[in-house]
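Visitor: 3D model of this:
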Amino acid sequence: MKTFREVLADVDARHVAIGHFNISELAALKGIFSAAQELTASYGAQMPILIGVSEGEREFIGVRQAAALVRSLREEYDYPIFLNADHTHSFEKAIEAANAGFDEVLFDGSGLVMEENIAETKKVVAAIRAIDPAIVIEGEIGYIGTSSEVIAEKPVNLALSTAEEAVRFMRETGIDVLAPAVGNMHGLLKTMVAGTEKKRLNIARIAEIKQAIVALPVNATGGGHWMTSHGGSGTADEDFKAAVAAGMDIVHVSSELRLAWRRGVEAGLAANPDEIAPYKIFPLAIEGIKKIVEDRLRLFNGL
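Guide: The predicted structure is shown next:
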């Protein structure tokens, strides 16, 4: 089984991307993993997936429990499924995830001014490297909103990251993966839920940033040229394809999965109003999540 670093290097070389899907409970994980397994059976090639758990999701599931769940699937099925401590805002929680055995830790200091973001991210990088140099470390610049919710209007102050900011941040922090603001946005607008609007990415800016960071020396752990796109829910299919071709190595999808879960649970309850066994109510939620993950993995893998 390849390490997560080796998988990242492989997808980057092949100009495809890893799908990053968040979970809050077991039904979502079941839907995501089932989708990946079925696609593998259809195409004869494993498609790596990255499971994300934010600070709130980790509080609900348990930090070590999330790590144990993902590790058990990887080991039992010999499948490249990995775990990311998504949007970690404190030094302490970043270290907690690293000690629990997460494959990646995202320290999100994007709410800070650049100098503070660099300083805090450097501290996290140094501490995690001392725990386990194999852990992939991600940092974030720019503002793309804050949470996976359905909202009425776009957040104010959305702005594009620049290549100069990306180069400075990666050079001074030593991170492996950069999450820039490139037209992406957390959450879904109500118009996106209704299907009348799609998110549009700035593909030229993605390509510009990628070209700039590829020119940087590879850091001591072999990373430093990788990029991830957050807030993928509701993005136009053609923009997903173009973003991956331009250099995105990981693409995050969360809000779409939460919406599918909600709709599936409501449909399950409506179809079985007297049912009280959760595992008999969840199948429609699992199927809804599977459909989204299958569609996204095909796009990210050029299928």
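
Visitor: who's in contact with F107?
Guide: With contact taken as CB atoms under 8 Å, 6 or more residues apart in numbering, F107 is in contact with 88-89, 91, 94, 120-121, 124-125, 137-140. Quick note: C-beta positions are derived from backbone N, CA and C, even for glycine.

Visitor: just R262 next, same as before
Guide: For R262, the contacting residues are A285, by CB under 8 Å, 6+ apart.

Visitor: That one: which element?
Guide: Using DSSP states H and E, R262 sits in helix 255-271.

Visitor: Kindly report the same for H87.
Guide: Under the assignment here (DSSP H and E), H87 is part of strand 81-88.

Visitor: where do the helices sit along the chain?
Guide: With DSSP state H as the criterion, the chain has helices at 4-14, 26-43, 55-61, 63-77, 91-100, 114-131, 163-173, 190-193, 203-214, 237-246, 255-271, 278-281, 283-300.

Visitor: okay if I get these as a markdown table plus distance to I49 and mean pLDDT?
Guide: Written out in a markdown table, the entries for the helices of the chain read as follows (distance: least, CB to CB, whole Å; pLDDT from 0 to 100):
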| stretch | distance to I49 | mean pLDDT |
| --- | --- | --- |
| helix 4-14 | 10 | 95 |
| helix 26-43 | 5 | 96 |
| helix 55-61 | 16 | 97 |
| helix 63-77 | 10 | 98 |
| helix 91-100 | 18 | 98 |
| helix 114-131 | 22 | 97 |
| helix 163-173 | 25 | 94 |
| helix 190-193 | 23 | 70 |
| helix 203-214 | 22 | 95 |
| helix 237-246 | 15 | 94 |
| helix 255-271 | 12 | 95 |
| helix 278-281 | 23 | 95 |
| helix 283-300 | 7 | 97 |
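
Visitor: and those, which is most packed in?
Guide: For the helices of the chain, the largest average neighbour count (mean count of other CB atoms under 10 Å) is found in helix 283-300, namely a mean of 21.

Visitor: Send me that helix as PDB with only the CA atoms.
Guide: Listed in PDB are the C-alpha atoms of helix 283-300, where the atom choice follows Å, rounded to 0.1, in the frame of the first residue of the first chain:
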ATOM      1  CA  PRO A 283     -30.200   3.500   3.300                       C
ATOM      2  CA  LEU A 284     -31.600   6.300   1.200                       C
ATOM      3  CA  ALA A 285     -29.100   8.700   2.700                       C
ATOM      4  CA  ILE A 286     -26.300   6.300   2.000                       C
ATOM      5  CA  GLU A 287     -27.400   6.000  -1.600                       C
ATOM      6  CA  GLY A 288     -27.700   9.700  -2.100                       C
ATOM      7  CA  ILE A 289     -24.100  10.200  -0.800                       C
ATOM      8  CA  LYS A 290     -22.900   7.300  -3.000                       C
ATOM      9  CA  LYS A 291     -24.300   9.000  -6.100                       C
ATOM     10  CA  ILE A 292     -22.500  12.300  -5.400                       C
ATOM     11  CA  VAL A 293     -19.200  10.600  -4.600                       C
ATOM     12  CA  GLU A 294     -19.400   8.400  -7.700                       C
ATOM     13  CA  ASP A 295     -20.000  11.500  -9.900                       C
ATOM     14  CA  ARG A 296     -17.200  13.500  -8.300                       C
ATOM     15  CA  LEU A 297     -14.700  10.700  -8.400                       C
ATOM     16  CA  ARG A 298     -15.300  10.200 -12.100                       C
ATOM     17  CA  LEU A 299     -14.700  13.900 -12.700                       C
ATOM     18  CA  PHE A 300     -11.600  14.000 -10.600                       C
END
